[in-house]
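> Sequence plus predicted model, see below.
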Amino acid sequence: MMRLSRRQMITTALASAALPNTAWANTPREIMWEELVPPGVPYSEIIGEGILDEENDYWRPIFDENATKLNPALDGAYIKMPGFIIPIDITDAGITSFVLVPYVGACIHTPPPPANQLVFVTTDTPWPSDDLWEAVWVTGTMSHEIQATEVADTGYLLHADAMEIYVWESEG
C-alpha cells in the first residue's frame, strides 16, 4: 500500500483543482453577433433612423448611444465567432488585420453596422484566403476598444490565434 505525505496530498489536490480551469481557459466561448450587444439593450434598438439620400440612392444610418454600448462580459474573453472579412492590412503572405462583419457586403456595398457590431481583428498568422466571400470562424482574445478604421468605427478588438473556414451545417 502506497502512502502519501500530507505535502504530496495537498500538492496533488491543488494540481487536480487547477486542471479543469486550465482546460476551460483553452476552450473558446462560441458567440454570435447578438451577444456583442450588452444585456438589457434591445438588439432592434442599436440603429437610429438615418438619412436617406434618394437622389444618390444612399442611406446613412444615424446611430444612437446604444450603438457603442459594449458587452462587459466579452472584455478579456477567449471567444470563437463567425463572420466575414473586410481587409485592412494585406501583405504578400495574406491579410494581417481586418474588420470582422456579420454579413457579406457590410461596410462595402451598404452602410456599416454600428460599432458594437464590428470587430477589428489582428493576427500574427496572415489569413491566406483569396476568397473574401467565405464566412470564417475567428478564435482569440477579445477586448473593448472603440476605434475608427477606414471602413467604419469598431467596438471590439480581437487578437486572433486561430482562423478557419466556417462550415455551414444543414438542418435536418
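The structure has been received and is ready for your questions.
> Do a quick rundown of the strands in the chain.
Applying DSSP state E to the chain gives strands spanning 29-30, 51-53, 58-60, 78-91, 94-101, 119-127, 136-148, 153-165.
> Save the ones you listed as CSV, and put in distance to residue 37 and mean neighbour count too.
Any C-beta I mention is one placed from the backbone N, CA and C, and that applies to glycine too. Shown next, in CSV, are the strands of the chain (distance: least, Cβ to Cβ, whole Å; neighbours: other Cβ atoms under 10 Å):
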stretch, distance to residue 37, mean neighbour count
strand 29-30, 16, 14
strand 51-53, 23, 11
strand 58-60, 21, 11
strand 78-91, 13, 18
strand 94-101, 15, 21
strand 119-127, 13, 19
strand 136-148, 13, 17
strand 153-165, 10, 19
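> which stretch among those strands comes nearest residue 111?
Closest to residue 111 of these is strand 58-60 (Cβ to Cβ; 5.7 Å).
> I'd like to know the average pLDDT value across that closest one.
The pLDDT scores in strand 58-60 average 68.
> pLDDT weak spots in this protein?
1-25, 43-50, 57-59, 108-110, 131, 170-172 (pLDDT under 70).
> go again using 90 as the cut-off
Scanning the chain for pLDDT under 90 picks out 1-26, 40-67, 90-92, 103-113, 128-134, 149-152, 167-172.
> Using CSV, lay out the strands of the chain together with distance to residue 111.
Shown next, in CSV, are the strands of the chain (distance: least, Cβ to Cβ, whole Å):
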stretch, distance to residue 111
strand 29-30, 28
strand 51-53, 10
strand 58-60, 6
strand 78-91, 13
strand 94-101, 12
strand 119-127, 17
strand 136-148, 15
strand 153-165, 12
